[in-house]
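Participant: need the 3D shape of this:
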Amino acid sequence: MKVHVTDLKTGDRLLKDTFNGYGLHVLSKGTLLENKEISKLLQHQIDYVEVESVPIVNLPDRTLEQTVNPKWLPSVQPDYDNAIQGFHNLFAKASEDQTINEQEVEDAFQPLIKHLNMERDVVSMLLLLNTKDDYTYQHSVQVGMLAYYLATWLGYSVKKSVQIGKAGFLHDIGKSQIPETILNKPGKLTKEEFDEIKNHTTYGYDIIKKTFDERYIALSALEHHERNDGSGYPKGLNGDQIEPVSKLISVVDIYSAMISERVYQKKRDLFYVLKELYKLSFRELDPHITHTFIKHMIPNFIGKKAFLETGETGIIVMTHPTEFFRPLLQINHEFIDLTVERHLKIKEIFV
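Facilitator: Got it, this is the predicted structure:
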């Protein structure tokens, strides 16, 4: 029977190959439709398809593992763990003699690159790999990964993007000079302790510039807490005074820090954190860099569950190119466009 795409249900099966208005093949005959496939039809602006209904009893919820390529996790986990251990070793060396080895940086970070090129569902990647253990080391690995992604999204070459990823990987190496009692303190820092924490930017700059010729890698360590409005540290730089790569690292540094669980902070919802970044983009963060990051992250939420402030739960089936936080949802058999239903707001994303 012919059905409008907004009336499709999970479990319907296509009776014919489906093509868009330009003749491009979209889905094959026999495809079992789930939210991802329905979203694809919507994105290609296909109005009607021929389907047969296939009754599915007790359809299980999508697990997190089902949102990524099942071949992905076993192969990336060892390289992710290796990168964390590699940063741990770099951190220990820098703690002792204020130096790092460029080849050791390469050995720790480079193996991740092939996985980043293959797996584009960054949201699921972060959720799968993120734990509350080894925050300092894991955070550095995440910032390196996200910096690489964001650099490619901004149009940097692959070679430059890899170097920017390394800049992210090393941005907090200066913390190796901070006493552990301050670095891992569970309570609020005193003014003197916070002043010492802020010194990690200059410590990192001094360590990196001894090893890397690309000055922006060292500057990323020095400037990743500078802010567009001049409210950052250590120098209170603003606007064009800040190295562009440092601005890039600032965005992903904040994102990783906010989604991570630490002794003094519970991890926050990834969707919520993107909204917080959006707010910061109008004063503290570079708007173009921040909006590019958000624009490329938002489609990763397609297929994931959205819990609304009304208490309803739906599936994100399509995202909006400019109204980032108002996607198209499927609630039961109904499609709800949050750009139209302005009173509805997403409270949390889960899987």
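Participant: give me the low-pLDDT residue ranges for the stretch 151-300 of the chain?
Facilitator: 261-268 (pLDDT under 70).
Participant: mind doing that once more with 80?
Facilitator: 260-270 (pLDDT under 80).
Participant: please, where are all the helices along it?
Facilitator: In the stretch 151-300 of the chain, the segments counted as helices under DSSP state H, counting those that start in this stretch are 158-170, 180-183, 191-198, 200-208, 215-223, 244-259, 270-280, 287-297.
Participant: how about a markdown table for the ones you listed, with distance to residue 152 and mean neighbour count added?
Facilitator: (Glycine included, C-beta is placed from N, CA and C.) As requested, these are exported to a markdown table (distance: least, Cβ to Cβ, whole Å; neighbours: other Cβ atoms under 10 Å):
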| stretch | distance to residue 152 | mean neighbour count |
| --- | --- | --- |
| helix 158-170 | 5 | 22 |
| helix 180-183 | 31 | 12 |
| helix 191-198 | 31 | 13 |
| helix 200-208 | 22 | 22 |
| helix 215-223 | 16 | 23 |
| helix 244-259 | 11 | 23 |
| helix 270-280 | 18 | 18 |
| helix 287-297 | 9 | 19 |
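Participant: as CSV, these with distance to residue 232 would be great.
Facilitator: Converted to CSV, the helices of the stretch 151-300 of the chain look like this (distance: least, Cβ to Cβ, whole Å):
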stretch, distance to residue 232
helix 158-170, 17
helix 180-183, 20
helix 191-198, 10
helix 200-208, 9
helix 215-223, 8
helix 244-259, 8
helix 270-280, 11
helix 287-297, 15
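Participant: grab the nearest non-local neighbour of residue 272.
Facilitator: Excluding its sequence neighbours, the residue lying closest to residue 272 (Cβ to Cβ, 6 or more residues apart in numbering) is residue 348, at 7.3 Å.
Participant: may I have the secondary structure class of residue 317?
Facilitator: strand (DSSP: H, G, I helix; E, B strand; the rest coil).
Participant: with residue 306 instead?
Facilitator: Assignment for residue 306 (three-state DSSP): strand.
Participant: just give me the longest helix of the chain.
Facilitator: Criterion DSSP state H: the longest helix present in the chain is helix 72-97.
Participant: tell me what that helix is packed against?
Facilitator: If you count contacts as 3 or more Cβ pairs under 8 Å, 6 or more residues apart in numbering; DSSP states H and E, helix 72-97 packs onto helix 102-118, helix 122-129, helix 135-153, helix 158-170.
Participant: which of these has the lowest mean pLDDT?
Facilitator: Mean pLDDT values for these show the minimum at helix 122-129, a mean of 70.
Participant: ok, residue 317 - how many residues close by?
Facilitator: When neighbours are defined as other Cβ atoms under 10 Å, residue 317 has 26 of them.
Participant: good, wrapping up.
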